[in-house]
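K.L.:
Return atomic coordinates for the entry below.
(2 chains)
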Amino acid sequence: MPLKIASWNINSVRLRIDLVSRLLDEERPDVICLQETKCLEGQFPLSAFNARGYTNAAMTCQKGYHGVAILSRQPFAEIDRYRFGGKEDARHIAVVFGEGPAKGITLHNFYVPAGGDIPDPDLNPKFAHKLAYLDEMRSWTAAKPGAQTILVGDLNVAPLPDDVWSHKQMLGVVSHTPAETDRLLAIQERGGWVDAVRKNKPEPERVYTWWSYRSPNWELSDRGRRLDHVWVTGDLDATVGETSILKGARSWERPSDHVPLIANFDL
DNA sequence: ATGGTCGGCTCCCGA
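P.N.:
Reported below is the predicted structural model:
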């Protein structure tokens, strides 16, 4: 049975609901995971999702910042929220699917802290928070090894040398420092997670999901980073099909700085 | 540890 999941850091779901609708109409995923929704639950534009058959919603929200949501055409049997890193930030939501092809599968949607600009936990509390968050993710995945589990989201770390435009020049830049990449790879290893995107786009292919707003010539300079991820537990490895990164969405009107990821499964 | 541009709790802060 096919299952198609989309993940997108939308950077305000209210502002960009028409872009989300376009993605849903063009790609028709079964499930969409959003990060940085940036609104309270009562402000979430549910009607655009309901009109397209995404009548099941699980979200964790806070005013103005962060926020993650899972919208699905298939019902949920369970909804869970975890709070890592010693803050009450809205950065994680998980569901277990009830009926349908994904029945029994757990889906986690994460928005890992960006970490500020200075890659030193002693000088920058935001970077310390990010490292603490990643450390807690590792403890969490080691304590509770997943089965039949998919993890998606904006992990705000580009773990591999070919996940950035210049490994050498990025080693001191938050998102690609050894402190972060070591931690992300440790989470992967401890949890037995498989990087679904790299499974069919292996290194040394350069793969990016984010291009900064600060570069007016983002497409020409192509200084991207692979900050968004789809991971699966080892028992789902064989079910992973095509994954795609919809770079075209970065050129849509008033775009997010992240583009959607699509992952197909054959369950 | 350049500066650049976005979003929202908007003349600032987080990304």
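K.L.:
Residue of chain A closest to DNA strand B, please.
P.N.:
Nearest residue of chain A to DNA strand B: residue A:64, at 2.1 Å (Cβ to the nearest atom of the strand). To be clear about C-beta, it is placed using only N, CA and C from the backbone, and glycine gets the same treatment.
K.L.:
What is the burial count for that residue?
P.N.:
A count of nearby residues for residue A:64, using other Cβ atoms under 10 Å, gives 9.
K.L.:
residue contacts, the residue positioned nearest the centre of chain A?
P.N.:
Centroid-nearest residue in chain A: residue A:153, 1.2 Å away (criterion: Cα atoms, centre = their mean). The contact partners of residue A:153, taken as Cβ atoms under 8 Å, 6 or more residues apart in numbering, are A:7, A:33, A:35, A:68, A:108-112, A:228-229.
K.L.:
And the contacts of stretch A:78-90?
P.N.:
Stretch A:78-90 has contacts (Cβ under 8 Å, 6+ apart) with A:58, A:60-62, A:65-68, A:91-96, A:111, A:113, A:129-130, A:132-133, A:136-137, A:140.
K.L.:
and the stretch 151-267 of chain A, which residues reach DNA strand B?
P.N.:
With Cβ under 7 Å from any atom of the strand as the criterion, the stretch 151-267 of chain A comes near DNA strand B at residues A:172-173, A:212-216, A:254.
K.L.:
on that earlier part again, report pLDDT for the residue of chain A closest to DNA strand B.
P.N.:
pLDDT recorded at residue A:64 is 93.
K.L.:
cool, and residue A:87?
P.N.:
Per-residue pLDDT puts residue A:87 at 81.
K.L.:
burial measure for the closest residue to the residue of chain A closest to DNA strand B other than its chain neighbours, as a count.
P.N.:
Nearest non-adjacent residue to residue A:64, counting by Cβ to Cβ, 6 or more residues apart in numbering: residue A:38, 6.0 Å away. Using other Cβ under 10 Å, residue A:38 has 21 neighbouring residues.
K.L.:
quick check, residue A:38 in a helix?
P.N.:
No. Under DSSP: H, G, I helix; E, B strand; the rest coil, residue A:38 falls outside any helix and is assigned coil.
K.L.:
Thought residue A:67 was touching it, still the case?
P.N.:
Yes. Counting by Cβ atoms under 8 Å, residue A:67 is a contact partner of residue A:38 at 5.7 Å.
K.L.:
No further questions, thank you.
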